[in-house]
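S.K.: No sequence on hand, only this structure:
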């Protein structure tokens, strides 16, 4: 049998899909890890970023720290956290290690984008909102956050791509998710398993990216949409916010 | 920092570092080589593709879409997907994956740079009797350079981080130290790998900023004038 027919056989064998080490269970584990980390990062990152952009205080230090944090390779962070005795005592199977690492990676792009999004709002819009009698809280919730939403969503998308990648690496420190196929396959030289696992991971990563792109469009205020220039958005964010990946 | 000191050993065990300095140095050199080759090939592919995508809008969406698709795939998975074609533990697999991740950044920035060339410059070049090729090399590409160099900085720093992951297929430069530290339950190699890769990224970025200053003298002058 050729390599590809082995791969087809991998996916058409029912027992590879079911059970605690089947494709379904491992995909769910990867999704669970990613959702926990991203949701926590959204709460922390959008909250802190929006407040900084709103008040402008201390922003220089925080944004620079966030950028510096992004130079840390997630692979190093993941393994370093994994071997700390305090962490080892608290967990079974690497879940906590993975969540901490993914959270640390996801916060900086979300925070930076939320900060820039709120900071760069036209001051006239702010003045108008205040002149209408809005409280600072209302200004933030009803004006600043909706206007910053396209950038915030771009940040979440960048973070999610990183997180799914790191979730795959998490199998190396003992999490049972889709990365398990890749690492087990590499260790046992089972190339079919490695390739098949990678295929599922790639599909999952692309699906996450597409869903978030659609969500970003849906959530963008109508007045800010510009469908014909969608390919440029990435360019703008590359120049200013610098998406990065480390895994 | 007490909780960090336990069975995993000290974060910096200087005796280990000095005894392993030869290995560390050669891994650092390997790390730089893997990065330089990937970014070099990425640039060599992206510049002509970027010019093509800029000139032919019909090519732009598929090219940006395809490179974007590559960018989204996690690196471990991408290497595993390439492996049946390029070998499971080969440098080629590592380099193809690393190059793939540079393409999106470099291509987008090349197209953006070329698109931002002012119409006046185009008119002036035509008025001076430049041929299309002359205009491309003497006017448009030089004016696109700030954007290309900005992309090069991001691509370089990104690649330095990603090289670590290629340790899983037997390459990896400093990533080898990370695998070793994890395998031995020993902090120092991981911290050395982490710190050196961050420092390397910082140094590479600083060098590219220097290059920017050297090759874009008009920008420096402009910045001065504005102040």
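M.R.: On my side now, so go ahead. The model shown is predicted, which means the values in this text are computed figures rather than measured ones. Numbering: from 1, shown residues only, chains lettered A, B, ... in the order given.

S.K.: Lowest-scoring secondary structure element of chain A by mean pLDDT?
M.R.: helix A:230-240 (a mean of 39; mean pLDDT, DSSP states H and E).

S.K.: which helix in chain A runs the most residues?
M.R.: Ranked by number of residues, the top helix in chain A under DSSP state H is helix A:23-55.

S.K.: which SS state does the residue nearest the centre of chain A fall under?
M.R.: Nearest residue to the geometric centre of chain A (C-alpha atoms, centre = their mean): residue A:160, 1.9 Å. Assigned by DSSP: H, G, I helix; E, B strand; the rest coil, the conformation of residue A:160 is helix.

S.K.: Let me see the contact set for it.
M.R.: Contacts of residue A:160 were listed using C-beta atoms under 8 Å, 6 or more residues apart in numbering or on different chains, and they are A:34, A:38, A:106, A:208-209, A:212. Placement of C-beta: from N, CA and C, glycine included.

S.K.: now do 10 Å
M.R.: A:34-35, A:37-38, A:41-42, A:102, A:106, A:109-110, A:205, A:208-209, A:211-212, B:72 (C-beta atoms under 10 Å, 6 or more residues apart in numbering or on different chains).

S.K.: Would you write a PyMOL line that selects the buried entries of these?
M.R.: Buried members of these, defined by 16 or more other C-beta atoms under 10 Å in any protein chain shown, are picked up in PyMOL with:
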select buried, (chain A and resi 34+37+38+41+42+102+106+109+110+205+208+209+212) or (chain B and resi 72)
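
S.K.: ok, of the contacts of residue A:160, which one's closest to residue B:163?
M.R.: When these are ranked by distance to residue B:163 (C-beta to C-beta), residue B:72 comes first, at 19.3 Å.

S.K.: which residues of chain B score low on pLDDT?
M.R.: Filtered on pLDDT under 70, chain B yields the residue ranges B:1-6, B:220-227.

S.K.: from what I can see residue A:94 touches residue A:183, true?
M.R.: No - contact criterion C-beta atoms under 10 Å: residue A:94 and residue A:183 do not qualify, at 11.9 Å.

S.K.: which secondary structure elements does the longest helix of chain A contact?
M.R.: Packing contacts for helix A:23-55, counted by 3 or more C-beta pairs under 10 Å, 6 or more residues apart in numbering or on different chains; DSSP states H and E, involve helix A:59-69, helix A:95-119, helix A:136-138, helix A:145-169, helix A:179-187, helix A:191-219.

S.K.: try 8 Å this time
M.R.: Secondary-structure packing of helix A:23-55 (3 or more C-beta pairs under 8 Å, 6 or more residues apart in numbering or on different chains; DSSP states H and E): helix A:59-69, helix A:95-119, helix A:145-169, helix A:179-187, helix A:191-219.

S.K.: The last one and chain B, are they touching?
M.R.: In this case it means helix A:191-219. Yes - Helix A:191-219 lies within reach of chain B by C-beta under 8 Å from any C-beta of the partner chain, at A:191, A:194-195, A:197-199, A:201-202, A:205-206, A:209.

S.K.: Dump those residues to CSV, plus pLDDT and distance to residue B:79.
M.R.: Output for the residues of helix A:191-219 next to chain B, formatted as CSV (pLDDT from 0 to 100; distance: C-beta to C-beta, whole Å):
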residue, pLDDT, distance to residue B:79
A:191, 89, 12
A:194, 91, 9
A:195, 92, 11
A:197, 92, 12
A:198, 92, 8
A:199, 92, 13
A:201, 92, 11
A:202, 91, 11
A:205, 90, 14
A:206, 91, 17
A:209, 90, 19
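
S.K.: Which element, helix or strand, includes residue B:209?
M.R.: Assigned by DSSP states H and E, residue B:209 falls within helix B:187-215.

S.K.: quick one, that helix and helix A:59-69 angle?
M.R.: Relative orientation of helix B:187-215 versus helix A:59-69 (axes from the mean of the first three to the mean of the last three C-alpha atoms, to 10 degrees): 110 degrees.

S.K.: Please spell out which residues along the longest helix of chain A are buried.
M.R.: A:23, A:26-27, A:29-31, A:33-34, A:36-38, A:40-42, A:45-46, A:48-54.
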